[in-house]
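Novice: Quick check, what structure comes out for this input:
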Amino acid sequence: MKVHFIAIGGSAMHNLAIALVKKGYQITGSDDEIFEPSKSRLKKYDILPATEGWNPDKITNELDAVILGMHARSDNPELLKANELGLKIFSYPQFLYEQSKNKKRVVIGGSHGKTTITSMILHVMNFCQKDCDYMVGAQLEGFEVMVKITEDAPVMILEGDEYLTSPLDRRPKFHLYKPDIALISGIAWDHINVFPTFENYINQFRQFANLISPKGTLIYCNNDENVRKIGSNARKDINTLSYSIPEYVIENGITWILFRDKKFALKVFGEHNLLNLEGARLICNELGIADKDFYTAIQSFAGASRRLELVAQNETTTVFKDFAHSPSKLIATTNAVKKQFPERKLVACIELHTFSSLSSNFLSHYKGCLDNADIAKIYFNPHTIALKKLPPITKDQVKDAFGNSGAEVYTDSQKLLSDLHGIDWKNKNLLMMSSGNFDGMDLNDLGKKVTAPV
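Specialist: Predicted structure coming up:
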């Protein structure tokens, strides 16, 4: 098979390209810009484009398929040439479905937790030596790539994103996978540029549940009211299983699961992660893994990349980074760190970076989100707002929206960094939350300096 990737440099796209190289496909690709780590990884597999930019000459009748990335526009010259030649053009999720339609498909959906739940399942499957194909949205310890596609694996585990499929297909990605086993972790309004009302957003998850194959299974979080309604009103020809927070204790900064008079120490913590763990356990049950084996395996799970990830620590201070950006994620993450380390003060920093978080009509949803932090710092870059073609917002607007009189709002990342360096970090933890990167701030270097001996 000869396959060409339009926008090969994306996080998901370059991982799929590598997965297909491993399967024996001949891969070419193009992109107008490719950053690390995509660049080095594509080069390692000898599929890095020689030059950046779009080149219609790469599109020929010899191609068996073209895969279109979300980054490409509908007027992309390579896409226009592919249409002209009548080539098969797939979106990323369409191609994943084509590769998995003869397998059992497990799809994990939800506004939050889907990457962690998918990662937990893959960790346990790997630990128990159960073969599966997969697609997950974060780099995992012990896994070279975020996508694996083979001929032989009987199951494919898919992280189900509700965002749009491609510039040409306005359906949510997870509507294309037609799951045999589906999970919904939670629903909190996001992507307001695509789903203008909360009801419209919820409806995408209702449709997702309706796309489960007959005699399939829906696993859902009972703690979320909107998810519970979808689960309790699911089609009668599918099985439903709900989950809640399992029994646990926290001792000396370690969370232990209690199961049948036994205790299992975890590397992750927070009630949101315990909910994620329960959802993962029920899916693993459906795939033939017993509870005892699941709990044994999950003890060594250290988390997905950038999901409440440990950056640095010493005896009195721990630094975490997290992908959190929506109100529900901010609350869950700050509460988790505060509960895990009740004797320490928490310094919580959030970068407003997404379209939703930088929209003046959405800001009010952040009210109270940082109330569990002892010191709250909020950063946004006015240039990012301009690039997203949104109306400007002010520091006062942001502070009023969060409703935290002690919070400090920044538009200069270097000033934020300087203020963080000026804190006495004894008996304090630092939590850096963003779907961006605080304008290139080196969080590993920050962590080293925060935890360095005085």
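Novice: domains of this structure?
Specialist: 2-87, 95-298, 309-450 (automatic domain parsing).
Novice: May I see the ones you listed organised as CSV, with mean neighbour count and mean pLDDT added?
Specialist: Every C-beta, even on glycine, is put in place using the N, C-alpha and C of the backbone. Below are the domains of the chain laid out as CSV (neighbours: other C-beta atoms under 10 Å; pLDDT from 0 to 100):
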stretch, mean neighbour count, mean pLDDT
domain 2-87, 17, 95
domain 95-298, 19, 94
domain 309-450, 18, 94
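Novice: can you list contacts of stretch 297-308?
Specialist: With contacts defined as C-beta atoms under 8 Å, 6 or more residues apart in numbering, stretch 297-308 is touched by 115-116, 119-120, 123-124, 127-128, 136, 138-141, 257, 264-270, 273, 277, 280-281, 289, 309-310, 320-323, 333, 336-337.
Novice: From these, which land in helices?
Specialist: Judged by DSSP state H, helices contain the following of the contacts of stretch 297-308: 115-116, 119-120, 123-124, 127, 273, 277, 280-281, 333, 336-337.
Novice: now, among the residues you listed, which is nearest to Glu315?
Specialist: Relative to Glu315, the closest of these is Val337; by C-beta to C-beta it sits at 16.8 Å.
Novice: Contacts only, for the closest one.
Specialist: Val337 neighbours (C-beta under 8 Å, 6+ apart): Gly270, Leu308, Phe320, Leu346, Ala348, Asn429, Leu431.
Novice: Name the single longest strand found in the protein.
Specialist: For the chain, the strand that runs over the most residues, judged by DSSP state E, is strand 345-352.
Novice: Please pull up the helix or strand immediately following it.
Specialist: Remark: after strand 345-352, the chain's next helix or strand is strand 375-380, criterion DSSP states H and E.
Novice: Please enumerate residues in contact with the next helix-or-strand element following that next one?
Specialist: Sequence-wise, the next helix or strand downstream of strand 375-380 (DSSP H and E) is helix 382-387. Identification of contacts with helix 382-387 by C-beta under 8 Å, 6+ apart yields His353, Leu358, Pro391, Pro392, Ile393, Thr411, Gly436.
Novice: which residues of this protein fall in helices?
Specialist: Applying DSSP H to the chain gives helices spanning 11-23, 38-44, 77-85, 92-100, 114-127, 198-210, 225-232, 271-286, 291-298, 327-340, 382-387, 395-402, 413-421, 443-450.
Novice: How about the contacts made by Ile257?
Specialist: Neighbouring residues of Ile257 by C-beta under 8 Å, 6+ apart: Pro246, Glu247, Tyr248, Lys263, Phe264, Leu266, Leu274, Leu277, Tyr295, Ile298.
Novice: From Ile121, how far out is the residue nearest the centre of the chain?
Specialist: When C-alpha atoms, centre = their mean is applied to the chain, the residue found nearest the centroid is Thr115 (4.4 Å). Thr115 sits 11 Å away from Ile121, taking C-beta to C-beta, to the nearest Å as the criterion.
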